[in-house]
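Undergrad: Sequence first, predicted coordinates after that:
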Number of protein chains: 2
Amino acid sequence: MAQMLPYKTLIQVDRNAHTALHIQVCNSFITLITNGTLQPSDILPSSRILATLIGINRNTVKLAYEELINQGWAESSERKGVFVLSRLPILSKTSVPSSGKKNSRQEAFIWTNNFKDAVPGDDLQHTRLAIDDGFPDVRLAPVDPLMREYRSLSRKFYGKNFLKYGSAKGSEHLRRSLANYLSHTRGLHCSPENILITKGSQMGIYLAAQLLLQASDNIAVGVSNYVFADDTFKHAGGRLLRIPVDQQGMDVDQLEKVLRNKTIRAVYTIPHHHFPTTVTMAMERRAKLLKLAKEHRFAIIEDDYDFDFHYDNKPYLPLASIDHHHNVIYIGSISKTFAPALRIGFMVGSPAFIDAAAALRQLIDKQGDTLLEEAFAVMFDNGEMDRHFRKSLKIYRQRRNAFCELLKADLSDKISFNTPEGGLGVWAQFDKKTNLVKMSEAALKKGLYIGNGSFYKNESFDTNALRMGFASLNENEMTEALGILKQVLH
Amino acid sequence: MAQMLPYKTLIQVDRNAHTALHIQVCNSFITLITNGTLQPSDILPSSRILATLIGINRNTVKLAYEELINQGWAESSERKGVFVLSRLPILSKTSVPSSGKKNSRQEAFIWTNNFKDAVPGDDLQHTRLAIDDGFPDVRLAPVDPLMREYRSLSRKFYGKNFLKYGSAKGSEHLRRSLANYLSHTRGLHCSPENILITKGSQMGIYLAAQLLLQASDNIAVGVSNYVFADDTFKHAGGRLLRIPVDQQGMDVDQLEKVLRNKTIRAVYTIPHHHFPTTVTMAMERRAKLLKLAKEHRFAIIEDDYDFDFHYDNKPYLPLASIDHHHNVIYIGSISKTFAPALRIGFMVGSPAFIDAAAALRQLIDKQGDTLLEEAFAVMFDNGEMDRHFRKSLKIYRQRRNAFCELLKADLSDKISFNTPEGGLGVWAQFDKKTNLVKMSEAALKKGLYIGNGSFYKNESFDTNALRMGFASLNENEMTEALGILKQVLH
């Protein structure tokens, strides 16, 4: 028999750990077996010797060996001792990674990483003051009434049902409330059968992409576009055809030209306040887009995450509300108007499309948080959501006005922009001399997060501009933030 | 000029609606324009005439026309009146769908529906008494402490940050708590960098499938397997290679034979309590599977949704805990041990794999509910989760024993089964004469939901069996449920 292994070093126990001592010893032996230090048929030290070596009670060692045998790692042979199971495959010896190296754990299988470096930094979250991309102010949301409702539902007898597995389409109650809300606010008449509750509008885009696009199918998008939508279509195998966007929104005449030579499966558009440029699509273009969709049998993915925020007149009806041929898949969000981390959105389409989207959604995450969905339904029904929309619309209008006045007063030599009719951000064009990357870095050093514009660029769109969100800043904060920006830029 | 349209019928207003009257009138005109009833350059009736026809104030009509003009649907020509915008494309006239037909709204674009009829019925949710597939009892979960924590966090100044956009990987705090919990409970030593918080284990399976499989890549799965995993791999383009499963779990020798001729990208396995059959994979097979993975460089997707429920001895260490070559992607769930609708799960892998999974997850639904994740982290830290696991383990053990005794006493002529070592369900083999579809229908008429076995079948697996969940039934309920089943079967 070979020399005994240095068990004193190899098997270490921690008397303060949750795990029982004999389980710790057992697990240490499993590690030695699976990393090849101990091989099949090797004998284990006697309980007496091991107990002395590592300074624990002999009965603990016996319990550990029993556990090892029960778990199928070892076998005992009467009077001879305990051996590593002879039937185990022989494992080549590996060096155990040191605890210092565990972060560098690298996988040993083959896969294609299409998402290298795609996880964004989180400077935004860790900076006191931020000019974001156009996010809502979570301080305005009636979170407490929602939480009260959420908790109260969870305590009720029938509320327990909302904690179980539920429909992949989402709460029936919330779908009814939303059908009602969409009809009242934007003339979009639909039934609960037409609605899927999603996790924010992003999930609506993802599901639509997966259902509409097969490998190499064409989808038309704006030359400037929401990058996460672009990436979602590419991940689904789609080819992006970029259509120019001007002050009237997507240039539908250009789309018509493209359609002469190419078949497209879908158009993705944000007609209300285009992202990132905030332009609204003109009515004649909307009508023409619907006409083209009907003639060429493509789907329109209408991303209307921003409907609720329109300041100067009534917002335009969505394409979905005036689509008599049912080409439009309509996507909206409550997360954007309430609190981004409470992920609730919706998709409106034909019952067959919604059923298919729900079936796919079941493979992704089964279902939403039904209890939270029920709580939101109550908030719609009791008018709390409506009050929130009215209140935040008023506050965001004031903030837009104040922000644009400050920009004009202090930064008009560096930044040009059109006051947006709606939405939560200004599309700010910086003068050519301003280096946005350097600006962003310099601002961060002074405690202000502001993007560097890279988020808005793509292979066909490169401009010295960025979105400046005004909605999440009260007037003191925006004065301070733009003050820092002025220092940095001058 | 053509005869005037029957505006009295075409334009109807509802004085009780939320929407202002003039907006209702404006929207009615938009409908008439977009469905082709009104064509470009058509004149609209004078405000005086329309006001009389539909019985509203003339100023309301004027406001409606102003809105139409503002929105770009109409133009006014001085002294001549208001006209439909001449620049609009000519739209062919369509019949407006009657409100009764709106549910039958069918889309007019081309898409491939791979998910026909895949949305399951919801008898389970609407039946008082159910023998489910092995679900937890939500009545046992400490939902109220969780809700209290959730609400309390939302009220704190720093808690507001959890309502904003956060990391796609999930709460840093919960990832730390989970790393600690995984290390203590199953010797799985990892850092927060190795962990992605998902929406239940299903999202872990989905993300792994999308990252590992390209079109036509092979993935090995059990002959009997969790159908939503199969569907997820097929949706990702994978080809399923079915490996037999016996009382020792997946037959790794068969896998080895397959590997002589075929390259596989991944093996999906539930080594702890295989779904649906509840068998546990033997140790020598585990060791051999890891050896094969290393040699052939494939990934092992280890679905361990059920780890926390093991009744008779300590559960086996997961493959991930004894995987020194980092071939294993480990997937677990808190939803299954707490409440299915609160969708929290986790995936453990190399930092590069986790980063890529997070980037993809960002395209799917951006992020989880950070506030809920924080609340769960607090529940781990203060011992509430640990108490819950211990308490429910004890109760589920009692329920398993009681359920198996009842089965033996009352139904042993119809059902054969092995008492499961863990998990929340019994794999019940019915005698050949029992028609499970008829049994399920007859039971439903008596107020009991029980599956008909179709959920467990696939193209290579057809047996007269089903999973009988015992965990969600207290002893009175299981006595009643099995009493009904006995009536139905005899």
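TA: Nice, I can see it. Quick caveat, the model's predicted, so the values are computed rather than measured.

Undergrad: CA only for contacts and neighbour counts going forward, please
TA: Fine.

Undergrad: The stretch 201-350 of chain A: strands as residue ranges?
TA: A:218-222, A:239-243, A:245-246, A:249-250, A:266-269, A:299-303, A:328-333, A:345-348 (DSSP state E, counting those that start in this stretch).

Undergrad: does A:Ser201 really touch A:Tyr330, like I thought?
TA: No. If you go by Cα atoms under 8 Å, A:Ser201 and A:Tyr330 don't touch, sitting 9.7 Å apart.

Undergrad: so what sits against both of the two?
TA: A:Asp303, A:Met347 (Cα atoms under 8 Å, 6 or more residues apart in numbering or on different chains).

Undergrad: Quick check, pLDDT for A:Val245.
TA: Looking at A:Val245, its pLDDT is 97.

Undergrad: For A:Asp253, see how far away it is.
TA: 11 Å (Cα to Cα, to the nearest Å).

Undergrad: Give me the more crowded residue out of these two.
TA: Ranked by neighbour count (other Cα atoms under 10 Å in any protein chain shown), A:Val245 and A:Asp253 place A:Val245 first, with 20 against 15.

Undergrad: what residues are up against that one?
TA: Contacts of A:Val245 (Cα under 8 Å, 6+ apart): A:Gly222, A:Val223, A:Ser224, A:Asp251.

Undergrad: Can you give me the distance of the residue of chain A positioned farthest from its centre to chain B?
TA: Ranked by distance from the centre of chain A (Cα atoms, centre = their mean), the top residue is A:Arg79, with 60.7 Å. Applying Cα to the nearest Cα, to the nearest Å, one obtains 24 Å for the distance of A:Arg79 from chain B.

Undergrad: what does A:Asp230 give?
TA: A:Asp230 is 10 Å from chain B, by Cα to the nearest Cα.

Undergrad: thought that residue was touching A:Arg239?
TA: No. With contact defined as Cα under 8 Å, A:Asp230 does not count as touching A:Arg239 (9.4 Å).

Undergrad: Which neighbouring elements make contact with the strand or helix carrying A:Glu373?
TA: According to DSSP states H and E, A:Glu373 maps onto helix A:370-381. Helices and strands touching helix A:370-381, by 3 or more Cα pairs under 8 Å, 6 or more residues apart in numbering or on different chains; DSSP states H and E, are helix A:143-155, helix A:172-186.

Undergrad: would you turn those into JSON lines with distance to chain B, mean pLDDT and mean neighbour count?
TA: Below are those laid out as JSON lines (distance: least, Cα to the nearest Cα, whole Å; pLDDT from 0 to 100; neighbours: other Cα atoms under 10 Å in any protein chain shown):
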{"stretch": "helix A:143-155", "distance to chain B": "6", "mean pLDDT": "91", "mean neighbour count": "18"}
{"stretch": "helix A:172-186", "distance to chain B": "6", "mean pLDDT": "91", "mean neighbour count": "19"}
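
Undergrad: and the residue sitting nearest the centre point of chain A, what pLDDT?
TA: With distances taken as Cα atoms, centre = their mean, A:Gln202 lies nearest the centre of chain A, 6.9 Å away. Per-residue pLDDT puts A:Gln202 at 96.

Undergrad: now swap in the one 5 residues further on and tell me
TA: As predicted, A:Leu207 sits at a pLDDT of 97.

Undergrad: Likewise for the one 10 residues further on?
TA: Looking at A:Asp217, its pLDDT stands at 96.

Undergrad: on that earlier part again, could you dump the strands of the stretch 201-350 of chain A to TSV with distance to B:Ala409?
TA: Listed next are those as TSV, based on distance: least, Cα to Cα, whole Å:
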stretch	distance to B:Ala409
strand A:218-222	62
strand A:239-243	63
strand A:245-246	73
strand A:249-250	71
strand A:266-269	60
strand A:299-303	58
strand A:328-333	54
strand A:345-348	50
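
Undergrad: Could you pull up the residues touching A:Thr34?
TA: For A:Thr34, the contacting residues are A:Leu91, B:Ala287, B:Ile322, B:Asp323, B:His324, by Cα under 8 Å, 6+ apart.
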